[in-house]
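1. Sequence and predicted structure are below.
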Amino acid sequence: MAQRLEERILEYVKQHAAEGDPQSVVDHIDKYCSQNEWAMHVGDEKGLILDQVVKETNPTIVLELGTYCGYSATRIARLLKPGSRLLTVEMNPENAAVAKQMIQFAGVQDKVEILEGSTEVIIPSLKTKYGVDRVDFVFIDHFSERYTADTKLLEECQLIKKGSVLLADNVVFPGAPDFLEYVRTCGRYDCTYYPSHLEYSDKLDALEKAVFKGP
Ligand SMILES: O=C(c1ccccc1)c1ccc(O)c(O)c1[N+](=O)[O-]
Ligand SMILES: [Mg+2]
């Protein structure tokens, strides 16, 4: 049996999901993590809200903060139009290695690039090192203590422009009170709150959408 939870999830997907089918990969991760071992993917309930916001945004360039095993990268990439790309940042190299294999198995590797490292280092390098001009959609799902600082960094680096959409996971559990305060009161975002539940749980959680109105 694989030593790490993330490797057990990948093994289950490889043995049971349909290779090249991102929906099958997503469904099997949800099945494993709801029936066998809890893990911190955005999950199926909040995932449907994520799908809806991605579809209404129809982004060309997506940035994800917090790859983990690649569940939401796979979930987002399956909805992206040809020629669009998703850059996802993961600071844990073991998780990045699992995510790389998960994304490859799902067949979305041509749309997804995993950037290993911390957000505070990678965000300022997106323009120079990764050829990014602006990001249309940002899924914020790493440690909630970094949500506000990284949002300010995206503004300062001029990576978000009028109309860019931020969608933050876990604004109720574990909670991101300073992020909610910031985006709701700084005057530069139109915010929408989506109440839901923590993945694979009946604990309350929510997503917050913050559409940038410009500097
Ligand atoms: O922080 C945790 C956490 C806290 C305590 C125990 C386990 C995980 C968490 C919980 C649910 C999430 O959806 C999520 O994205 C995270 N996270 O780390 O980014
Ligand atoms: Mg989360």
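-> Arrived safely. Ligands and ions are numbered 1, 2, ... in the order given.
2. Once you drop chain neighbours, what's closest to the residue in the chain that ligand 2 sits nearest to?
-> Residue of the chain nearest ligand 2, by CB to the ion: residue 169 (3.7 Å). Just so you know, the C-beta spots here come from the backbone N, C-alpha and C atoms, and that holds for glycine as well. The shortest distance from residue 169 to any non-neighbouring residue, by CB to CB, 6 or more residues apart in numbering, is to residue 141 (4.2 Å).
3. Write out the residues of the chain neighbouring ligand 1.
-> Contact residues (CB under 6 Å from any ligand atom) of the chain with ligand 1: 40, 66, 141, 142, 143, 169, 170, 174, 199.
4. Using the three-state scheme, assign the residue nearest to residue 126 when sequence neighbours are not counted.
-> Nearest residue to residue 126, sequence neighbours excluded (CB to CB, 6+ apart): residue 132, at 4.2 Å. Here residue 132 is recorded as coil under DSSP: H, G, I helix; E, B strand; the rest coil.
5. ok, residue 132 - contacts?
-> Residues near residue 132 by CB atoms under 8 Å, 6 or more residues apart in numbering: 61, 63, 87, 126, 159.
6. quick one on the thing from earlier: what about the residue of the chain closest to ligand 2, how many neighbours?
-> Residue 169: 31 surrounding residues under other CB atoms under 10 Å.
7. likewise residue 21?
-> The tally of other residues near residue 21 (other CB under 10 Å) stands at 15.
8. The one 3 residues further on too?
-> Close neighbours of residue 24, defined as other CB under 10 Å, add up to 16.
9. how near is it to residue 63?
-> 26 Å (CB to CB, to the nearest Å).
10. Check residue 215 too.
-> 18 Å.
11. Would you mind checking the contacts of residue 132 for buried ones?
-> Buried subset of the contacts of residue 132 (neighbour count, 16 or more other CB atoms under 10 Å): 61, 63, 87, 126, 159.
12. What residues does the fourth one make contact with?
-> Put plainly, it is residue 126. So residue 126 contacts 63, 87, 132, 135, 157, 159 (CB under 8 Å, 6+ apart).
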